[in-house]
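In: pasting the structure only:
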DNA sequence: TCTCCCTTGATAAATAATAACATTAAAACA
DNA sequence: TGTTTTAATGTTATTATTTATCAAGGGAGA
């Protein structure tokens, strides 16, 4: 079992959340997939384990893990990936190669200073943030 | 005429791009709307000016202005807004209030240093980036 | 066991974006 | 000016993504 899966198990015990089959499977599949998965990719992969699986089931599990910061939604791809930092943080930075589609999560999970200052100046309370950088990776250039 | 509209006009002359009616109207409506607009909101607003307007027409105009950095797509809202910086830059930071929906564009249009370093270390060439921060604004808290 | 509450099942619909091909119109050039 | 080329729009249809709604199931505590 991957580290994040164990962590999820412990999280559910500690917080009295139910680790149902759809939730388990959704997290496991995302955790073991190198690239971010779209909702319908997930549905396809789940079909063999959950008969008659429908979009709401998957979206609910995705919402659950997202809410608790186990997975991230990559907005510009409509796709989901595991939080690679094992930090369950609220913000993430993704570096996305437009050529091969590889996505890596940068490991600076704080907001950059200049933005922090902007928020402070404007008394804005950040809850969640997302940085997505599109470009060309080393392999593809 | 707003500054950005004049700029767009000059841009088209200088770059031999055609400032067609759909393009003009789409830019104008986005420029004059305080909040970001969704594609189908735009379609509704255009109905009085362009009979029988259909999604592809709007999406094409949006692609055009986005490609040339006159507008930004806010990924987490599926919405579009004018580049408020008049800088026609490739990156943007949005501060989005989850309560009232107000969106402001922060004026630091460079990538934060720590990410710059990460990209350099990994020889990744950024083409476009997007920072979206969700939270609660001063008025709503 | 009964009840409450959370989760899933199931059906349908809303919202968002694109594909494919026909048509129009501006630009380029003889 | 007439012809060709190119780019943009018009049109129809479809695909992709997400959500609403209500019925049913199942575990935890009274």
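Out: In hand now; what should we look at? Just so you know, these numbers come straight off a predicted model, no measurement behind them.
In: need the strands for chain A, in chain order.
Out: Ranges of strands within chain A are A:37-38, A:71-74, A:79-82, A:91-97, A:103-106, A:125-136, based on DSSP state E.
In: Nearest to DNA strand C, out of those strands?
Out: strand A:37-38 (12.6 Å; CB to the nearest atom of the strand). Just so you know, the C-beta spots here come from the backbone N, C-alpha and C atoms, and that holds for glycine as well.
In: re the thing from before, can you redo the strands of chain A as CSV with mean neighbour count and distance to chain B?
Out: Putting the strands of chain A into CSV (neighbours: other CB atoms under 10 Å in any protein chain shown; distance: least, CB to the nearest CB, whole Å) gives the following:
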stretch, mean neighbour count, distance to chain B
strand A:37-38, 18, 15
strand A:71-74, 22, 8
strand A:79-82, 22, 12
strand A:91-97, 22, 6
strand A:103-106, 18, 5
strand A:125-136, 19, 4
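In: Show the contacting residues for residue A:122.
Out: Applying CB atoms under 8 Å, 6 or more residues apart in numbering or on different chains, we find residue A:122 in contact with B:95, B:104, B:137-138.
In: before we move on, the earlier item: quick one: the strands of chain A as CSV, columns for mean pLDDT and distance to residue B:46 too.
Out: Below are these laid out as CSV (pLDDT from 0 to 100; distance: least, CB to CB, whole Å):
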stretch, mean pLDDT, distance to residue B:46
strand A:37-38, 98, 30
strand A:71-74, 95, 30
strand A:79-82, 96, 31
strand A:91-97, 88, 32
strand A:103-106, 88, 35
strand A:125-136, 90, 29
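In: Which secondary structure elements does the lowest-mean-pLDDT helix or strand in chain A sit against?
Out: Of all helical and strand segments in chain A, the minimum by mean pLDDT, DSSP states H and E falls on helix A:113-121, at a mean of 82. Helix A:113-121 is packed against strand B:91-97, strand B:125-136, with contacts defined by 3 or more CB pairs under 8 Å, 6 or more residues apart in numbering or on different chains; DSSP states H and E.
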